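K.L.:
Dropping a prediction and its sequence here:
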Amino acid sequence: GAVVSQHPSWVICKSGTSVKIECRSLDFQATTMFWYRQFPKQSLMLMATSNEGSKATYEQGVEKDKFLINHASLTLSTLTVTSAHPEDSSFYICSAAGTSGRGTYNEQFFGPGTRLTVL
Amino acid sequence: LAKTTQPISMDSYEGQEVNITCSHNNIATNDYITWYQQFPSQGPRFIIQGYKTKVTNEVASLFIPADRKSSTLSLPRVSLSDTAVYYCLVARMDSSYKLIFGSGTRLLVRP
């Protein structure tokens, strides 16, 4: 099946620094990628939709200047958390939309997630 | 996007069949129903997707009545490793496609 990877799997940084998270679709081309954030014991919250070669579409309440998303190729999207603060500590998950050949429509393949801890 | 409602949690025992029902009263014509499974500290994993009637794959079945206002995920003979959170999602299969996750159902399978 389709594989999506994320790097790094975890990161610890100091408050005020920026952190970049990479999301790659390994065996298929993803026109659309998504970024989610998940706090402990909570559901996934969609942050933004990223289309290759165009600006990301952010969900309401998500600061586009704080969470910079770049989708420069069909296999790579990056999320940069700028000037991170402790409240940005969370589990960040990306996904890529595609089809698996199982007769589904627009199935999302999720990455393993990145645990960000801001001290 | 159609809002989904599902039980917060369910308990079961190994070997039993588990049915998780999700309501989506305002589902639209172009919407498909998809279920995902998530283990702690992992990304969600696709389980099954359907539009109407019944869909079955190697891990689960999905029952969708004619009015499509609800759906039931059926897991046959669960094992301890099926303990996870299960999300029911409704999404439009067009250029506006995106997934909005609800609270999910936390399934606990006991020995």
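P.N.:
Nice, I can see it.
K.L.:
okay, now whichever residue of chain B sits closest to chain A: neighbour count?
P.N.:
Nearest to chain A, among the residues of chain B, is B:Gly43, at 3.3 Å (Cβ to the nearest Cβ). Glycine gets a C-beta too; all of them are placed from N, C-alpha and C. Using other Cβ atoms under 10 Å in any protein chain shown, B:Gly43 is surrounded by 23 other residues.
K.L.:
can I assume it sits in a strand?
P.N.:
No - secondary structure of B:Gly43 (DSSP: H, G, I helix; E, B strand; the rest coil): coil, not part of a strand.
K.L.:
Ignoring the adjacent residues along the chain, who's closest to it?
P.N.:
Take B:Gly43 and drop its neighbours on the chain: the residue closest to it by Cβ to Cβ, 6 or more residues apart in numbering or on different chains is A:Phe110, 3.3 Å away.
K.L.:
hmm, back to that, tell me the pLDDT of the residue of chain B closest to chain A.
P.N.:
With respect to pLDDT, B:Gly43 scores 96.
K.L.:
residue contacts, it?
P.N.:
A:4, A:93, A:95, A:110-113 (Cβ atoms under 8 Å, 6 or more residues apart in numbering or on different chains).
K.L.:
Tell me what the residue nearest to B:Gly43 is bridged to.
P.N.:
Bridge pairing for A:Phe110 (DSSP bridges) gives the partners A:Ser95.
K.L.:
Distance of it relative to A:Ser25?
P.N.:
11 Å (Cβ to Cβ, to the nearest Å).
K.L.:
How about the residues of chain B by chain A?
P.N.:
B:32, B:34, B:36, B:38, B:41-46, B:49, B:57, B:87, B:91, B:93, B:97-104 (Cβ under 8 Å from any Cβ of the partner chain).
K.L.:
In strands, which of the residues you listed fall?
P.N.:
Among the residues of chain B next to chain A, the ones falling in strands (DSSP state E) are B:32, B:34, B:36, B:38, B:45-46, B:49, B:87, B:91.
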